[in-house]
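Trainee: could you look at this predicted model? Sequence included:
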Amino acid sequence: MLKKTIQLLIAVLTFVINAKAQEIDESKNFIYKTDGSILYGVNLEYRTPMFKKNYFKLDSLTINSEDVKFYKSGVNFFGSTKGSGSSFALRTIQGKINYYTLTSTYNNSAPINNTGGIGFGGTSTTQNYYYNSGFNPLKIANYENLSVDLQTNPKSILYLKKYHNAKKNRTLAYVLGGIAMVAGILTSAKKQVKLQIL
């Protein structure tokens, strides 16, 4: 009895190790689920209905987007920005570290303008950047995350610090420019008040 139990445990352990070590065939369309399982198919669509939850159609299967960590459709590869399917960023660079971009477009409502008429609406676009290695969860590409993950690569840290310092200098320049502009407006306003008194 004990021998059969041990053999069964070894068989299960071997299966689990092989499942974890399996290579993913990125030449095919697939869904990499949050539980680590992989589903391959020919036709893969990400559907975003108006009043229902988003989901995937993989051939005849329907998969909730919350259950999807990564997916590949055609030549494009996407990763979940929340860890479980609420939005997916496009992988733009593949390597030891993968780089992802999430582009979001928002429709701005048409405000009432100062003449009482309807103003023009428009759209605005934002881009958020993420990175990961392998099939690990995506992380936001910001200074804090990158400085921790790149600490073993001194050259990368050097470039990251240069970027961070340049960004701080730009912010400082914007603040100083704003202060100078306000000071100029106040000085101009004081001159106009003096002229009106005379």
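Mentor: Done, it's in.

Trainee: buried ones in stretch 153-162?
Mentor: L160 (16 or more other C-beta atoms under 10 Å). All C-beta spots, glycine's among them, are computed from the backbone N, C-alpha and C.

Trainee: neighbouring contacts of it?
Mentor: Y143, L146, S147, L150, Q151 (C-beta atoms under 8 Å, 6 or more residues apart in numbering).

Trainee: quick one: low-confidence parts of the chain?
Mentor: 1-22, 83-85, 109-121, 172, 176, 183-184, 186, 189-198 (pLDDT under 70).

Trainee: can we see that at 50?
Mentor: Low-confidence segments of the chain (pLDDT under 50): 2-21.

Trainee: still on that earlier bit, which of the contacts of stretch 153-162 tops the neighbour count?
Mentor: L146 (20 neighbours; other C-beta atoms under 10 Å).

Trainee: quick check, Y32 in a strand?
Mentor: Yes: when DSSP: H, G, I helix; E, B strand; the rest coil is applied, Y32 is found to be in a strand.

Trainee: hang on, the earlier thing: how about the contacts of stretch 153-162 in a markdown table, adding distance to E66 and secondary structure?
Mentor: Below are the contacts of stretch 153-162 laid out as a markdown table (distance: C-beta to C-beta, whole Å; DSSP: H, G, I helix; E, B strand; the rest coil):
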| residue | distance to E66 | secondary structure |
| --- | --- | --- |
| Y143 | 30 | helix |
| L146 | 28 | helix |
| S147 | 31 | helix |
| L150 | 31 | coil |
| Q151 | 33 | coil |
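
Trainee: of those, closest to D59?
Mentor: Taking C-beta to C-beta as the measure, L146 is the one of those closest to D59, at 38.4 Å.

Trainee: check contacts around that closest one.
Mentor: Y131, S156, L160.

Trainee: one more: I140?
Mentor: N128, Y129, Y130.

Trainee: wait, a helix at the first one?
Mentor: In other words, N128. No: secondary structure assignment (three-state DSSP) places N128 in strand, not in a helix.

Trainee: touching, it and K82? I think so.
Mentor: No: contact status for N128 versus K82: not in contact, 11.7 Å apart, counting by C-beta atoms under 8 Å.
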